[in-house]
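Student: here is the input, now give the coordinates:
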Amino acid sequence: MSETSGSPDNNGFQTNAWHFAALIVGNVALALGPWLVRLSDTGPISAAFWRLLLPIPVFAFLAWRARTPGPIDRKLALLVMMAGLFFAADLASWHVGIERTRLGNAVLFGNSGSVILMVWGLIALRRAPSWREAGGVMAAFVGAAILLGRSLEISAENFVGDLFCLFAGVCYAFYLLPSQRARTALGQWSVLLLVCIAASPLLLALAISAGEPIWPGGAGWTPVLLLAISSQVVGQGLLVYSLKNFSPFIIGMALLTQPAVAASVGWLAFGEMLVPLDIVGMGLIAAALLLAKSTPRQRAPTASS
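Tutor: Numbering: from 1, shown residues only. Predicted structure coming up:
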C-alpha cells in the first residue's frame, strides 16, 4: 500500500497521506474535549449543550450538500432522533465524570461502548465468543477493575467520576446501535444533524434542572466554541472523511491515540500523575478497545444494528 499514491491496499481501501493525517488529527481533536470541558465555566452538562447546539448550522449545510434526491426514510429519521436521547445521556454523564476523575480514565471509560457493542453482537448472533473475543472482554474487566480500584485509593470522588464515565459508555453503545444502521440510508451528516437537534434540548433541560450556569462566565466563549469546533466539527468531520478509507484494525489503532493524548494533557495541565499500575490498567482496556474496533461487525437476523 502506498500512502502517497492513493492506490488501494489488499483489502480494497483507498488511502493516502491526507486520509491518515485526517484520522490522527480527528482522534487528537476528540481527545482534547475533556480538557476543554474542564476549562469551560458553564457547568459540564451546559458545555455538552453548547457542544451540540453550536455546530447545527454547519451540519445542516453539510447534510443539504450531501443529500441525495428522493424521500427521507421517516422511520429511520425518528430512530436517529431517539438515538440522540441516548447521546444526550452519554454526554451529560461523561462530562460530569470528566470533572471528577482523571482525563485518561474518562476517555477510556467513555469509549467502553465499543466493548459493549462487541458483547451485544455476540448475544445477537447467539454464539459463544472466540478465545480472542473472550480475552478482550476479560482484559476490559480486569483493566476497569484496576483503574476503579486506583481511583478509589485516590478519593471517592474519582471513583464516582469513573462510574459516570462507564455509564456514558453504555449510553454511547445504545446511541451507536440505531445511528450506525441509519448512516447508509440518511448519510453521515444528516445523522449528526438529527442527533444534535434531538439531544441539545434535553441537555439544556438537564443543565437547568441541575442548577448549572448556562451562559459562559469569566472564561468567556473560547472554551465552549473550541469544544464545539474540535469535538463535533473537526473531530467528527475528519473521521467521516477518513474512516471509510481504513481497515477496522487501523481505525482501532488510531483510537488508542485518544487516551494517550488525554492522559498527557491531564499530567501537563492538572498534574494527574500515573503509576505503573495505572498504565497496566489503561493498557488492558486499550487492548480490549483495539480488539472491539478491529472485529468486523456481523449482522444477526434479529439484531437492530
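Student: any idea how far residue 217 lies from residue 227?
Tutor: Residue 217 is 15 Å from residue 227, where distance means CB to CB, to the nearest Å. All C-beta atoms are positioned from the backbone trio N, CA, C, and that covers glycine.
Student: all the helices of the stretch 1-150 of the chain, in order from the start?
Tutor: Ranges of helices in the stretch 1-150 of the chain, per DSSP state H, counting those that start in this stretch, are 17-31, 33-39, 44-53, 56-66, 74-98, 103-110, 113-125, 131-154.
Student: just so I know, which of those lies nearest residue 172?
Tutor: helix 113-125 (3.6 Å; CB to CB).
Student: just to revisit the earlier point, between residue 217 and residue 227, who's got more neighbours?
Tutor: Ranked by neighbour count (other CB atoms under 10 Å), residue 217 and residue 227 place residue 227 first, with 25 against 10.
Student: and residue 40, its phi and psi?
Tutor: Phi and psi for residue 40, reported as degrees, to the nearest 10, are phi -70, psi 140.
Student: now do the contacts for the residue positioned nearest the centre of the chain.
Tutor: In the chain, the centroid-proximal residue (CA atoms, centre = their mean) is residue 111; its distance is 5.6 Å. Shown in contact with residue 111 (CB atoms under 8 Å, 6 or more residues apart in numbering): 169, 172, 255, 258, 259, 289.
Student: could you do residue 77 as well?
Tutor: Here residue 77 is in contact with 182, 186, 190, 194 (CB under 8 Å, 6+ apart).
Student: go on, residue 65?
Tutor: So residue 65 contacts residue 189 (CB under 8 Å, 6+ apart).
Student: for it, give me the pLDDT.
Tutor: Residue 65 is assigned a pLDDT of 87 by the prediction.
Student: repeat for residue 81
Tutor: 87.
Student: low-scoring pLDDT stretches of this protein, where are they?
Tutor: The model of the chain has pLDDT under 70 over residues 1-15, 68-71, 125, 295-305.
Student: how about the helices in the stretch 201-305 of the chain?
Tutor: 222-227, 236-243, 248-255, 257-270, 276-294.
Student: need those helices in TSV (columns: distance to residue 77).
Tutor: Listed next are these as TSV, based on distance: least, CB to CB, whole Å:
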stretch	distance to residue 77
helix 222-227	27
helix 236-243	19
helix 248-255	27
helix 257-270	30
helix 276-294	27
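Student: how about residues contacting stretch 155-167?
Tutor: 93-94, 96-102, 105-106, 109-110, 112, 144, 147-148, 151-152.
Student: again, only this time at 7 Å
Tutor: Contacts of stretch 155-167 from elsewhere in the structure, counted by CB atoms under 7 Å, 6 or more residues apart in numbering, are 93-94, 96-97, 100-102, 105-106, 109-110, 112, 147-148, 151-152.
Student: ok, back up a step: so which of the contacts of residue 77 would you say is closest to residue 41?
Tutor: Nearest to residue 41 among the contacts of residue 77, counting by CB to CB, is residue 194 at 29.7 Å.
Student: gap between the closest residue in space to that closest one that isn't next to it in sequence and residue 201?
Tutor: Of all residues not flanking residue 194 in the chain, residue 80 sits nearest, at 4.5 Å (CB to CB, 6 or more residues apart in numbering). Between residue 80 and residue 201 the distance is 15 Å, computed by CB to CB.
Student: the two: who's more crowded?
Tutor: Shown here are residue 80 and residue 201; by other CB under 10 Å, residue 80 has more neighbours (27 against 14).
Student: quick check: the farthest pair among the contacts of residue 111?
Tutor: Of all the pairs that the contacts of residue 111 form, the one spanning the most space (CB to CB) is 172 and 259, at 15.1 Å.
Student: identify each buried residue in stretch 129-149, please.
Tutor: Neighbour-count burial for stretch 129-149 flags 129, 133, 136, 137, 139, 140, 143, 144, 146, 147, 148 (criterion: 16 or more other CB atoms under 10 Å).
Student: just put the residues you listed in TSV and tack on distance to residue 52.
Tutor: Shown next, in TSV, are the buried residues of stretch 129-149 (distance: CB to CB, whole Å):
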residue	distance to residue 52
129	35
133	33
136	31
137	31
139	32
140	28
143	30
144	28
146	33
147	28
148	29
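Student: out of these, flag the one nearest to residue 23.
Tutor: residue 136 (21.9 Å).
Student: who touches that closest one in this structure?
Tutor: Residues in contact with residue 136 (CB under 7 Å, 6+ apart) are 287, 288, 291, 292.
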